[in-house]
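Chemist: quick check, what structure comes out for this input:
(one chain, ligands or ions: 2)
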Amino acid sequence: MASKTPTVVEYVVNRLADLGIDRVFGVPGDYAFPFDDAIEKCSRLQWIACANELNAAYAADGYARIYGASILSTTYGVGELSAINGVMGAKSQRLPVFFLVGSPSTQIQRQGLVTHHTLGDGIFNNFQAISASACCVSTNLTPDNVIDEMERVIREALRQSEPAYIIVPMDLALMPVIGNPVKGSPLASVGRAKSDPASLDAALNFIMNKVDGAKQIVALPSNLVASYGLKDQFIEFLNKSQMAYATPPMGKGVISESHPSYLGVYSGVTSTPKDLKAVVEGADLVLDIGGLIPEDINTGNWTNQLNPDKTIVLGDHFVKLGGTIFTGLALADVLSGLTQRIKPVGGLHTTEKLAKFPMVGAPGDATCSANFYPRLQNMLRAGDVLVAETGTCMLYTTPMLLPEGVGFQAQALWGSIGWATPAAEGICMANKIGRTIVVTGDGSHQLTANEIGTMGRYGIKPIIFVLNNALYGVEIVVSETGWKYDDLAKWNYAQIPGAMGCSNWFCVKVSTVAELDAAIDKANSYDGASYIEVMIPASESQPVPASLQNHVYKANIPTAS
Ligand SMILES: Cc1ncc(C[n+]2csc(CCOP(=O)(O)OP(=O)(O)O)c2C)c(N)n1
Ligand SMILES: [Mg+2]
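Modeler: Ligands and ions are numbered 1, 2, ... in the order given. Below you'll find the predicted structure:
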């Protein structure tokens, strides 16, 4: 017996499930009920009921970082606009998030009826323009375009590695599709971009010519290597070439930090180890793999001084050195072409090595950053993903040497506080091999802490460290002390999971090193989620010198002399 023709929404969710995505993060709503129902009925997808749409978008961001793509579902207007900050963050990180939105029916639209979740102006496409601006591709689905459109949207989202906006009105959503449904394949076996063969050959010859003429070469892999699913391919390239490599902060965790060719974290004057800046910038040739983002945090406040005449950018669909540019290329093809052709190249070394943080702190000492981060580092093991929130914790985790097999996720470019807690939910659900360990400041956590209830509901087991300094501490570091707007409401953090219905969570507040050690021991052996509130002295947060702040803000107004 022929199977029933799927409706538009059934087709969409099943076509996306073909990619191997197994969760949908969202908040239901009336215009989106057709999507919500189709998702709940799809046996390959689990609906994750997030506390709000922003959390859902962050969770989808986290899931996509590990699996390679994800699904987010919201209602029209109020839902999608709440999600938009998180979807923009996913775009900045180059993550394919399929953003599903249900809208008022075309019957309502054609009659010009004024409905809820609109501005009362009879206009039904004004939010679409906003949501679509966070995506690289968007589509309005109908029964007769859905099959072609889904192929186009999936291909484009994966080709550009960015979110895709998919909207369908309630009435059309429930009509059967017209045409022959497509059965897709899992993400790992889907081809992404393709290269023009002649351009690829020319680019590879060009790069190899420069490589052969150089004695000291260093590679700088960016997070795009991870977004395009090229981690293993890059490791193959390293093993064959034995090329030295360093990661910019945004590339941290993409590639192993215990590989013999690993040099450290390259970010201008804030590079670790210190002499890495001179080593990278003194090399005959730099291979910038993925395209280093010249953003302030990623470059030690723009103190990177890479010589553009010695830096080949293996970018997103191009290769470039100075004015020589090859286009029509896929990064995957360039990397595999180089791996085939390259021979071992000369090594490059720093005098210092990226080392483990010294273990400091006597049992009776009060907890502080100096004794917390070595302990966090010490507990990491292969398979873990460390998720670091924007704030003071980024300053400590970026130079932290990660053991083999430990991933690292942060939102350095977009930098929207509150990201880490829901993102960790998505990461935890996609990370089937190890633990998800979150470190967040208290201020950031206050934005999205309600996602803890969702974590408890679905039984995931993250380890969460909330650093309680009762302050937006990093704001003081980059500004001044004394502003009341940096003081936080004093929450009893360790009570949050219990209040949110998380049963069997290990929750504790620690204020001494002995308590911290005991809490970490327990979390390491506990078969359940752990939530550890760590007291950090507010006095640690002190402003950096005015000269550095002027450099960071570029706000040094010249005075007439
Ligand atoms: C959505 C958003 N709002 C505001 C900011 C500005 N901001 C950046 S860091 C920060 C404070 C973070 O404080 P906390 O999480 O407590 O970390 P701490 O530095 O105290 O450890 C704020 C408010 C931001 N980056 N994103
Ligand atoms: Mg704080």
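Chemist: only C-alpha atoms for contact and neighbour calcs from this point on.
Modeler: Noted.
Chemist: dump stretch 315-330 to CSV, keeping only the CA atoms.
Modeler: Output of stretch 315-330 as CSV, limited to C-alpha atoms (Å, rounded to 0.1, in the frame of the first residue of the first chain):
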residue,chain,number,x,y,z
GLY,A,315,38.8,31.2,3.1
ASP,A,316,35.1,30.5,2.7
HIS,A,317,34.9,29.7,-1.1
PHE,A,318,38.2,31.5,-1.9
VAL,A,319,42.0,31.5,-1.6
LYS,A,320,43.8,34.8,-1.3
LEU,A,321,47.3,36.2,-0.9
GLY,A,322,47.6,39.9,-1.3
GLY,A,323,45.9,40.8,-4.6
THR,A,324,45.9,37.2,-5.9
ILE,A,325,42.5,35.7,-5.4
PHE,A,326,41.1,32.3,-6.5
THR,A,327,37.4,31.9,-6.2
GLY,A,328,34.7,29.2,-6.7
LEU,A,329,36.4,27.0,-4.1
ALA,A,330,35.2,24.7,-1.3
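Chemist: contacts for it?
Modeler: 193-196, 199-200, 202-203, 288-291, 308-314, 331 (CA atoms under 8 Å, 6 or more residues apart in numbering).
Chemist: could you redo the last one with a cut-off of 7 Å?
Modeler: Applying CA atoms under 7 Å, 6 or more residues apart in numbering, the contact partners of stretch 315-330 are 193-196, 199-200, 203, 289-291, 308-309, 311-314, 331.
Chemist: so of those residues, which ones are in helices?
Modeler: Of these, the ones assigned to helices by DSSP state H are 199, 200, 203, 331.
Chemist: near ligand 1 too, which of the residues you listed?
Modeler: Counting by CA under 6 Å from any ligand atom, nothing from the ones in helices among the contacts of stretch 315-330 sits close to ligand 1.
Chemist: what's the closest of those residues to residue 461?
Modeler: Nearest to residue 461 out of the ones in helices among the contacts of stretch 315-330 is residue 331 (CA to CA; 35.5 Å).
Chemist: number of nearby residues for the closest one?
Modeler: 26 (other CA atoms under 10 Å).
Chemist: residue contacts, it?
Modeler: Residue 331 is in contact with 314, 315, 316, 317, counting by CA under 7 Å, 6+ apart.
Chemist: of the residues you listed, buried ones?
Modeler: 314, 315, 316, 317 (16 or more other CA atoms under 10 Å).
Chemist: rewinding a little: among the contacts of residue 331, which pair sits farthest apart?
Modeler: 314 and 317 (8.1 Å).
Chemist: work out for me the element the residue of the stretch 1-150 of the chain found nearest ligand 1 sits within.
Modeler: Ligand 1 sits closest to residue 85 of the stretch 1-150 of the chain, with a gap of 8.2 Å, by CA to the nearest ligand atom. Taking DSSP states H and E as the definition, residue 85 sits inside helix 78-92.
Chemist: what helices and strands are in contact with that helix?
Modeler: helix 53-67 (3 or more CA pairs under 7 Å, 6 or more residues apart in numbering; DSSP states H and E).
Chemist: helices and strands of the chain: which one bottoms out on pLDDT?
Modeler: helix 546-553 (a mean of 78; mean pLDDT, DSSP states H and E).
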